[in-house]
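Undergrad: show me the folded form of this:
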Amino acid sequence: MGKLADNENKDKFNLIYIFFIVFGVASLSAWNSIISAADYFSKRLPTPHAMNLLLIIYNVGVLPSMIITNVFHAAISLLAFTRASFIAFTLLMICVPFVCSYLANTWTAMVLMMLIAFVCGIFVGFMNVTLFGLGGMFAGKQSIAILIGQGFCGLLCLIPLILHCAIPGDNTNTVGLIFFIFSACINLVATIMTFIFPHLPFVKYTFRINKEAKDQFTQQMIEVPTDGTTGAVDSADSESALDKSESSVETKPVEQQDQQPNEPTNQNQVPTSKCEAIKQFLKEMVRVGKMVKWWALALMISMFSTLLFYPSAYLAIPAPKYFSTAWQLTLWTHLRLTIFNICDVVSRFVAMCCFFYKTSRVAMIVSLLRIVWSVLFFVANWIPAFQLLPVYVILFVVFALVHGYHMSVMMGVAADAEKVPLKDRSAVGSFLSISLNIGLALGCILALPLGYSYQ
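TA: Numbers count the residues shown, from 1 in each chain. As a prediction, this is how the structure comes out:
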């Protein structure tokens, strides 16, 4: 019996880690598919700024759905919403090549693509809450694995690069069809894995730990003191209650632990009205926001600087003189995306091994320095001295390495036991995700007028 308990509370064969990596890949597949298909959209849609418009529409869908999901997260199943998002991505990615390549009217295709981008954004908003909420239940590398998977998702750009080099002639339609079908298959695999996930022993164990810890903490918060007074316990007692609840779960008999856990949700009690749900959400965000406010601001600034100049200014930089033909110019676009995404995923792995800084002050300084560095992309569009291949490589590599590492450090705060107690990890993960997407949305919106200046 003791051996069963020991096996239950371990991630055997790193299965959960692998599952979260796949979930991370699928969760960002819609976003990376839009960016990686920049050349495809520029040829099949009626405006050279089609990709920027799609990214803006995408983010318009993300933020409202993310906030609504957070408000009513007590009444939803984290796993069911994650699964529904993967199913939606699968269907939407299948639709993209048929809309872009086989509709005669390009403006009709543009309108439909904007609708697809908006729906993708809505489901990404759901997933940014539910998937990171699930990840927040797991300490250490399991929750960071989502970010690692999202880094791997960037390597989707290798597919159009390889296909472009392998298929001669005008290969735009073929490359687009294969690329988006492959993206759909990734989401189909993730969908199947969501059905397996809740039956893994370590997942059952972790869901039970979180549920029983929160239940006992809530009971301590509403308990009436023996001296006849009423009111909530103070913060020290709250932390003590949480610690006791965790230890009590660890020592429960295996017979009780083997019971099937309930489907996970973010809260213990479902609000009785919409107004109550909104108040509860605002109160929760204010509470956890005070814990990680500087981390959230640094994350927002960093994401803003990334989307302000990537991919618009990043892809608008003139090609070196030895990229002259149409085929070579397309290759230049794919190469830049590949450099960024390979460096991004490498830096996320480095973040998993070690954090070179652990304070919000340093994180804020790094975010501000990223804005200064990103401005160099804007400068490189006009100053010939910057339009040299070695300069480009330095700009691209440093920008991508810092982006992946810095974001992983800041999002990793939600799983840091020293900074965030167990009961708050899901809420902090949601708060940081909202901050991240606000930065992305602002960056996309301001990047559009800047994009017209590059032409």
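Undergrad: buried set for the longest helix along the chain?
TA: As assigned by DSSP state H, the longest helix anywhere in the chain is helix 274-309. The neighbour-count check on helix 274-309 (16 or more other Cβ atoms under 10 Å) flags 277, 280-281, 284-285, 288-289, 291-292, 295-309 as buried. Placement of C-beta: from N, CA and C, glycine included.
Undergrad: before we move on, what about stretch 384-393?
TA: Neighbour counts over stretch 384-393 (16+ other Cβ under 10 Å) mark 386-387, 392 as buried.
Undergrad: dump the helix or strand that the longest helix of the chain is followed by to PDB, keeping only the CA atoms.
TA: Note on helix 274-309: by DSSP states H and E, the next helix or strand toward the C-terminus is helix 312-316. Output of helix 312-316 as PDB, limited to C-alpha atoms (Å, rounded to 0.1, in the frame of the first residue of the first chain):
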ATOM      1  CA  SER A 312       5.900  43.700 -38.400                       C
ATOM      2  CA  ALA A 313       9.200  45.600 -38.200                       C
ATOM      3  CA  TYR A 314      11.200  42.400 -37.800                       C
ATOM      4  CA  LEU A 315       9.900  41.100 -41.200                       C
ATOM      5  CA  ALA A 316      10.000  44.500 -42.900                       C
END
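Undergrad: report all helices and strands that helix 312-316 contacts.
TA: Packed against helix 312-316, as judged by 3 or more Cβ pairs under 8 Å, 6 or more residues apart in numbering; DSSP states H and E, are the following elements: helix 326-353, helix 360-380, helix 425-452.
Undergrad: if we can go back for a sec, dump the buried residues of stretch 384-393 to CSV, plus distance to Ile146.
TA: Converted to CSV, these look like this (distance: Cβ to Cβ, whole Å):
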residue, distance to Ile146
Phe386, 36
Gln387, 37
Tyr392, 31
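Undergrad: out of the helices and strands packed on helix 312-316, which is closest to Leu63?
TA: Among these, the nearest to Leu63 by Cβ to Cβ is helix 425-452 (5.8 Å).
Undergrad: buried residues in the closest one, which are they?
TA: Residues of helix 425-452 classed as buried: 425-445, 447, 450-451 (neighbour count, 16+ other Cβ under 10 Å).
Undergrad: for it, give the mean pLDDT please.
TA: The predicted model gives helix 425-452 an average pLDDT of 80.
Undergrad: likewise for stretch 119-136?
TA: For stretch 119-136, mean pLDDT rounds to 83.
Undergrad: ok, stretch 94-107 next?
TA: Mean pLDDT, computed over stretch 94-107, is 88.
Undergrad: which outside residues touch that stretch?
TA: 33, 37, 40-41, 44-46, 109, 112-113, 116, 172-173, 176-177, 179-181, 184 (Cβ atoms under 8 Å, 6 or more residues apart in numbering).
Undergrad: go with 7 Å
TA: 44-46, 109, 112-113, 116, 173, 176-177, 180-181, 184 (Cβ atoms under 7 Å, 6 or more residues apart in numbering).
Undergrad: write the ChimeraX selection for whichever of the residues you listed are buried.
TA: Command for ChimeraX that selects the buried part of these, burial taken from 16+ other Cβ under 10 Å:
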select :44,45,109,112,113,116,176,177,180,184
